[in-house]
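Undergrad: Show me the folded form of this:
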Amino acid sequence: MRPSASGNGGHDNLNSQSATQALVKKTYANAMSPKKEEAIIIDSIEGLTNDDYLDGLESVIAIENVRFVSKISGKRVCVFLNSKSVVEQLDGQKIKVKEHTLPIRPLIEKNKRVVLSNVYPMIPHELLIDLLKQSGITPVSQMQYIRAGLNKQGRSHVLSFRRQIYVKEEDISRIPENLQVNYDNTPYWVYLSTDSTNCFLCKQTDHVAKQCPEHIASQADNPNHMTIVENSAAQLDSSHSNDSLIQPLSNSNKLKRPSPSTVSSETSTDNQPNNSNTRIDYPEITKTNTENLSNIFKTPRRPTKLPRTDNNTTEANDSDDDLLTLQRVIEESPEINVLNYQQFNKFLTKSYGQTNTVEIALEYTNDIEGLVSMINKVSPSLSGKLKSRCYRLKKKL
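TA: Here you go, the predicted model:
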């Protein structure tokens, strides 16, 4: 028989294959659970492939650091890396992809986006940035124009009178509602807003001015804010007791006896009423009694009909398909929308059946022009009652 050396060699090969398979399985298992903090975002340019973006990344990091890559909504490319430290290393850098220079930013932004509205195109970026710095706000990105979001083909290059810039999260409370910009001897008002719901009173996030705790506390501390008059039934009865009493007439005022009939004396005597039963005491007619009686018989005033303010109006009347479509359209182009899906849905619910639509809109954003542009963008994708409501809101704005 041949020696069993070949058997030992086969056993070693099996061990090496098992080790390789275990390493592959371990690496694959780790690759299945990445973190959002390990992802970066690059602007997507028409005509470029994923290989082109990886070629650009390979100029700043080793390609072994890349784990996932895909194009996502909003004209972006998402790349997952192997660690959060690599993301922090690339944050703010720019890469060269073909003839394009593209910035790199994290998928999860700690910085907050600020939208500047009503900015005329001839006003330079530097002037606006200097005004923000004077307010104690430190920009962490370059200022960019925002597209107008036109739907017709061939007009995607048209820009709006809005711009965006990213600032530190701790600077959000310092953002003013508006800025006066003096350029070329002409004053302009520029309005600022963020993606989150801000209170214009305390400058905090996650609530509007109407629900501000400071505003509610000031109302509670002010005793003259609301006067409530409470009258008990006993007080009301006693206040009218003296005026509403019917006073009897004196005994001298008696009803006169009717003249006797000419038929016969006997019949007249039988039909003649008795004095004790025919005396009637009439009430004395005074000015006070007349006023009280007129108040009693007044025609009741019809109560004012209040509009319905059901918080579940949007959810009850609009189909789930329309709401999902609305959410998809808004999330596909966050850079051209002044409100996110949650804020826009709350605005639809709160403004239903109301006449002060502009006041309600100002609770969520100062950019009314941008809100109208956003409604124009999302309306064609909707149907039914939700589409009709969007058109009515646009007319009111």
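
Undergrad: Could you give me the buried positions within stretch 50-57?
TA: In terms of neighbour count (16 or more other CB atoms under 10 Å), stretch 50-57 has its buried residues at Tyr53, Asp55, Gly56, Leu57. For the C-beta atoms, the positions are set from N, CA and C on the backbone; glycine is no exception.

Undergrad: Put together CSV for these, with pLDDT on each row.
TA: Shown next, in CSV, are these (pLDDT from 0 to 100):
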residue, pLDDT
Tyr53, 95
Asp55, 94
Gly56, 94
Leu57, 94
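
Undergrad: From these, pick the one nearest Asn356.
TA: Lowest distance from Asn356 to those (CB to CB) belongs to Tyr53, with 48.0 Å.

Undergrad: Touching, that closest one and Ile42? I think so.
TA: Yes. Between Tyr53 and Ile42 there is a contact at 5.8 Å, judged by CB atoms under 8 Å.

Undergrad: Need the overlap of contacts for the two.
TA: Common neighbours of Tyr53 and Ile42, counting by CB atoms under 8 Å, 6 or more residues apart in numbering, are Val77, Val79, Val97.

Undergrad: Run through the protein and note the low-pLDDT ranges.
TA: For the chain, the stretches with pLDDT under 70 are 1-32, 196-201, 203-209, 215, 217-300, 304-320, 335-336.

Undergrad: Show me it divided up by domain.
TA: As given by the TED database, the domain ranges for the chain are 39-106, 111-194, 320-394.

Undergrad: Output those domains as CSV; include the columns distance to Ser33.
TA: What follows is the domains of the chain, written out as CSV (distance: least, CB to CB, whole Å):
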stretch, distance to Ser33
domain 39-106, 11
domain 111-194, 26
domain 320-394, 24
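
Undergrad: among these, which is nearest Gln211?
TA: With CB to CB as the criterion, Gln211 lies closest to domain 320-394 of those, at 9.2 Å.

Undergrad: ok, which stretches of the stretch 101-250 of the chain are strands?
TA: For the stretch 101-250 of the chain, strands defined by DSSP state E, counting those that start in this stretch occupy the ranges 112-117, 144-147, 159-167, 178-183, 186-194.

Undergrad: Deepest-packed of those, please.
TA: Of the strands of the stretch 101-250 of the chain, the one with the most neighbours on average (mean count of other CB atoms under 10 Å) is strand 112-117, at a mean of 21.

Undergrad: What strands flank that strand, and is each parallel or antiparallel?
TA: Within its sheet, strand 112-117 is paired with strand 159-167 (antiparallel), strand 186-194 (antiparallel), according to DSSP bridges.

Undergrad: Show me which residues of stretch 58-72 are buried.
TA: Buried, per 16+ other CB under 10 Å, within stretch 58-72: Ile61, Asn65, Val66.

Undergrad: Closest to Pro187 out of those residues?
TA: The closest of the buried residues of stretch 58-72, once distances to Pro187 are taken by CB to CB, is Ile61, at 47.5 Å.

Undergrad: hang on, the closest one packs against Gln93?
TA: No. Contact criterion CB under 8 Å: Ile61 and Gln93 do not qualify, at 9.6 Å.

Undergrad: Leu102 is in contact with Ile41, correct?
TA: No. With contact defined as CB under 8 Å, Ile41 and Leu102 do not form a contacting pair (10.0 Å).

Undergrad: List of residues touching stretch 378-396?
TA: Here stretch 378-396 makes contact (CB under 8 Å, 6+ apart) with 151, 314, 317-319, 322-323, 325-326, 329-330, 344, 348, 351-352, 355, 357-358, 372, 375-376.

Undergrad: picking that back up, closest to Asn337 out of the buried residues of stretch 50-57?
TA: Using CB to CB, Tyr53 comes nearest to Asn337 of the buried residues of stretch 50-57, at 25.2 Å.

Undergrad: and the residue lying closest to the closest one once chain neighbours are set aside, how many neighbours does it have?
TA: With CB to CB, 6 or more residues apart in numbering as the criterion, Tyr53 has its nearest non-adjacent residue at 5.3 Å, and that residue is Val77. Using other CB atoms under 10 Å, Val77 has 22 other residues around it.

Undergrad: now swap in Gly384 and tell me
TA: Around Gly384 there are 12 other residues, counting by other CB under 10 Å.

Undergrad: got the contact list for the residue nearest to Asp367 when sequence neighbours are not counted?
TA: In space, Asp367 comes closest to Ser117 once its chain neighbours are excluded; the distance is 3.8 Å by CB to CB, 6+ apart. Shown in contact with Ser117 (CB under 8 Å, 6+ apart): Phe161, Arg162, Val190, Tyr191, Leu192, Ser193, Val338, Asn366, Asp367, Glu369, Gly370.

Undergrad: what separates Ser117 from Arg67, distance-wise?
TA: Here Ser117 is placed at a distance of 39 Å from Arg67 (CB to CB, to the nearest Å).

Undergrad: Repeat that for Ala39.
TA: Distance from Ala39 to Arg67, by CB to CB: 9 Å.

Undergrad: Now do the shared contacts for those two.
TA: Here Ala39 and Arg67 share the contacting residues Phe80, Leu81, scored by CB under 8 Å, 6+ apart.

Undergrad: For the stretch 101-250 of the chain, just list every one of the helices.
TA: Assigned by DSSP state H, counting those that start in this stretch, the helices in the stretch 101-250 of the chain fall at 125-134, 213-221, 233-239, 241-244.

Undergrad: Dump the C-alpha coordinates for the first one into CSV.
TA: Going back to what we said before, that points to helix 125-134. Below are the C-alpha coordinates for helix 125-134, written out as CSV (Å, rounded to 0.1, in the frame of the first residue of the first chain):
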residue,chain,number,x,y,z
HIS,A,125,-23.0,84.8,-0.5
GLU,A,126,-20.3,86.5,1.5
LEU,A,127,-22.5,89.4,2.6
LEU,A,128,-25.1,86.9,4.0
ILE,A,129,-22.4,84.8,5.8
ASP,A,130,-21.0,87.9,7.4
LEU,A,131,-24.4,88.8,8.8
LEU,A,132,-24.8,85.3,10.2
LYS,A,133,-21.4,85.6,11.9
GLN,A,134,-22.4,88.9,13.5
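
Undergrad: Now do it: which elements does it pack against?
TA: Applying 3 or more CB pairs under 8 Å, 6 or more residues apart in numbering; DSSP states H and E, one finds that helix 125-134 contacts strand 159-167, strand 178-183.
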